[in-house]
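In: Okay, structure incoming, though there's no sequence with it:
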């Protein structure tokens, strides 16, 4: 750095210090936040600019970037090829790949299928690969090692007709690029599918037909857990199969024992069918019984799963028995069990804007829907008049109208470790309104939401939404809420043999005239500070920022994919009668590492350290070491759902 540049930086540094010392309190708080946001975005934009400049030079030489194999892995591979007992053992449990498969560089999901439109599908072939060793970029698999073969042998592959039921096309149909890409995405969304790819193969001598080959890779569907304390003694055991007998159906069962509970033995179980035939109708039944709290019920639903869907709806019926312990303003305390039922019905219809018109409007829909939700307490009576207002009967009628347009981009290394991921882009506008019969009162709810997601080829993916809703009761707004969100993911940034992606999530929530006890916190999550917990920090409005940088490592020790993670969170929380900028700024910093082994039976594991400055002042821990799953960040879809009430949480 030149002497002139150093003097300029020193000058601006002194100016910033003077401004922060002399500015009023509110302005000082605002300036601190703006400085943090400025430098954060400056770093992101600079790194993307570096990526763009590097990419322009390298793109002319190579269409895809291949990671160089680390020396230690190369040495292990050379040793495994030798003729001795240790080398044979190493070959039986390790997989050595010469390079990463090149990602699909076509981001627009249906783009690669457009050249086949107007051709006819002559035949459909389903190829289901086991969970270990295989990859969808090879149509018919490859040679795998002994341990992978063993894992595949104890796994039931998904039945071919289950995959065929998910396709939006059939033999004899003309190629529709949107239906082909949507079918690929819907298969990939199934919890028992790791990845998939649909190939369209031209037929020699026939320019009017193609063969469709659907290649699917399963996930290992068995999981379980067990724990307990032999000194009490207590314990719990759970087992789950998310692809029972290869039928795509999920079974979960858990048993717990604790002699200190009034009901020592507890049970949780559920059975779900994600799709009945080719209707995209799902069904689930569940039963929970823990310490005299009981819940059982079933639901049937069909979402607007695709841009081609016209009908959607759902039915949810439940019975609940729950314990309560409340103290009323007159200091009387009541405890016991109350029983209640809930029922929820909704139905929606989508009008394609013009399914035969311009291609850009092919995935746009206008949707109307209606919903009835009922809560009925079974043991209300005059002898419990003091408690009836705490457990009120309620019937809610809601109607909604919306306009949506959905696109999906395919990308890699966002939340997963290289498999195909579908990023929703588009927009959604919804209006919700209807009467709420709450005990013996009638209120009117109205709410609106607008959201928009887009991709900038130089910067990355962005999402923005704004929402407001509340009840009108005797010309007064009750339980009002305003929510805004902004989410940003950078493009994948090459750093030598590493890759980096950065994430920013901003959220603001304001509650208006909320009921007693309804308050916001900044505890544990993307609405505050990750892994932070304080019993005393709460309010009715909150501003939070979450920044994360993921560094994808080129090394795979013993087949483990590794991602180094750095994150920074900050939050302001206060009450409605003051501006949020007057609140105390809470901060959290941390680093961690995520592991995943595609060759063995392991879920994603994250180990992380978290530091919270001045946390002890609000009865919180300053340092935390945590073992968790994957990142809490998720894509925000533009799928229209049942009418709903704006969330306040």
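Out: Structure's in. What do you need? Since this is a predicted model, take the numbers as computed values, not measurements.
In: Enumerate every residue touching residue 461.
Out: Contacts for residue 461 (C-beta atoms under 8 Å, 6 or more residues apart in numbering) come out as 409, 423, 425, 453-455, 487-489. From N, CA and C alone the C-beta is placed, and that goes for glycine too.
In: which residues of the stretch 51-200 of the chain fall in helices?
Out: For the stretch 51-200 of the chain, the helices defined by DSSP state H, counting those that start in this stretch cover 71-80, 85-93, 146-153, 160-165, 177-189.
In: can you tell me which of those the model trusts least?
Out: For those, the stretch scoring lowest in mean pLDDT is helix 85-93; its value is a mean of 52.
In: Provide a list of residues in contact with residue 580.
Out: Taking C-beta under 8 Å, 6+ apart, we find residue 580 in contact with 508, 541-543, 572-574.
In: Minimum pLDDT in those residues, which residue is that?
Out: residue 574 (88).
In: so where's the stretch 201-350 of the chain uncertain?
Out: Low-confidence segments of the stretch 201-350 of the chain (pLDDT under 70): 328-331.
In: Could I get the full set of strands for it?
Out: Here the stretch 201-350 of the chain has its strands, by DSSP state E, counting those that start in this stretch, at 206-218, 222-229, 234-241, 250-257, 265-276, 281-290, 293-302, 311-327, 333-352.
In: Let me know which of the ones you listed is tucked in deepest.
Out: strand 206-218 (a mean of 19; mean count of other C-beta atoms under 10 Å).
In: Direction included, what does that strand pair against?
Out: strand 120-129 (parallel), strand 193-203 (antiparallel) (DSSP bridges).
In: how far out from the middle of the chain is it?
Out: 30 Å (C-alpha atoms, centre = their mean, to the nearest Å).
In: between that strand and helix 146-153, how many degrees?
Out: 100 degrees (axes from the mean of the first three to the mean of the last three C-alpha atoms, to 10 degrees).
In: Tell me how the chain divides into domains.
Out: 3-47, 111-218 (automatic domain parsing).
In: just checking, which of those domains comes out with the lowest mean pLDDT?
Out: Going by mean pLDDT, the lowest-scoring of the domains of the chain is domain 3-47, which has a mean of 45.
In: which one of the strands paired with strand 206-218 lies closest to residue 185?
Out: Nearest of those to residue 185, taken as C-beta to C-beta: strand 193-203 at 9.0 Å.
In: Determine the angle, from 0 to 180 degrees, between that closest one and helix 177-189.
Out: Using the same axes, to 10 degrees: strand 193-203 against helix 177-189 is 150 degrees.
In: re the thing from before, got a quick ChimeraX command for the buried subset of the contacts of residue 461?
Out: In ChimeraX syntax, the buried subset of the contacts of residue 461 is picked out as below (16 or more other C-beta atoms under 10 Å):
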select :409,423,425,453,455,487,488,489
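In: What are the contacting residues of the helix or strand hosting residue 367?
Out: Using DSSP states H and E, the element containing residue 367 is strand 364-377. Residues outside strand 364-377 that contact it (C-beta under 8 Å, 6+ apart): 304, 307, 312, 338-353, 388, 391-405, 434, 640, 642-644.
In: Repeat that for stretch 424-433.
Out: So stretch 424-433 is in contact with 363, 398-409, 444-455, 461, 469, 635-640, 643-645, going by C-beta under 8 Å, 6+ apart.
In: Let me know how buried residue 457 is, in neighbour terms.
Out: 8 (other C-beta atoms under 10 Å).
In: Distance of it relative to residue 427?
Out: The spacing between residue 457 and residue 427, counted by C-beta to C-beta, to the nearest Å, is 19 Å.
In: With residue 502 instead?
Out: 24 Å.
In: who has more neighbours, the two?
Out: Remark: of residue 502 and residue 427, residue 502 carries more neighbours, 21 against 18, as counted by other C-beta under 10 Å.
In: Quickly find the element holding that one.
Out: Here residue 502 is assigned to strand 498-512, by DSSP H and E.
In: can you pull out the strands in the stretch 401-550 of the chain?
Out: Using DSSP E, counting those that start in this stretch, strands in the stretch 401-550 of the chain cover 421-438, 441-456, 460-473, 476-490, 493-495, 498-512, 541-552.
In: So which of the ones you listed has the densest surroundings on average?
Out: Ranked by mean neighbours (mean count of other C-beta under 10 Å), the strands of the stretch 401-550 of the chain are led by strand 541-552, with a mean of 22.
In: Return the distance of that strand from the chain's centre.
Out: 15 Å.
In: got the angle for it vs strand 498-512?
Out: 170 degrees.
In: What helices and strands are in contact with strand 541-552?
Out: helix 25-59, strand 498-512, strand 560-574 (3 or more C-beta pairs under 8 Å, 6 or more residues apart in numbering; DSSP states H and E).
In: One more pass at 6 Å, please.
Out: For strand 541-552, the elements it packs on are strand 498-512, strand 560-574, judged by 3 or more C-beta pairs under 6 Å, 6 or more residues apart in numbering; DSSP states H and E.
In: picking up where we left off before, quick one: closest of the strands of the stretch 201-350 of the chain to residue 622.
Out: strand 222-229 (27.8 Å).
In: Check the offset of the closest one from the chain's centre.
Out: The answer for strand 222-229 is 25 Å, by C-alpha atoms, centre = their mean.
In: angle of it against strand 234-241?
Out: Going by the same axes, to 10 degrees, strand 222-229 makes 180 degrees with strand 234-241.
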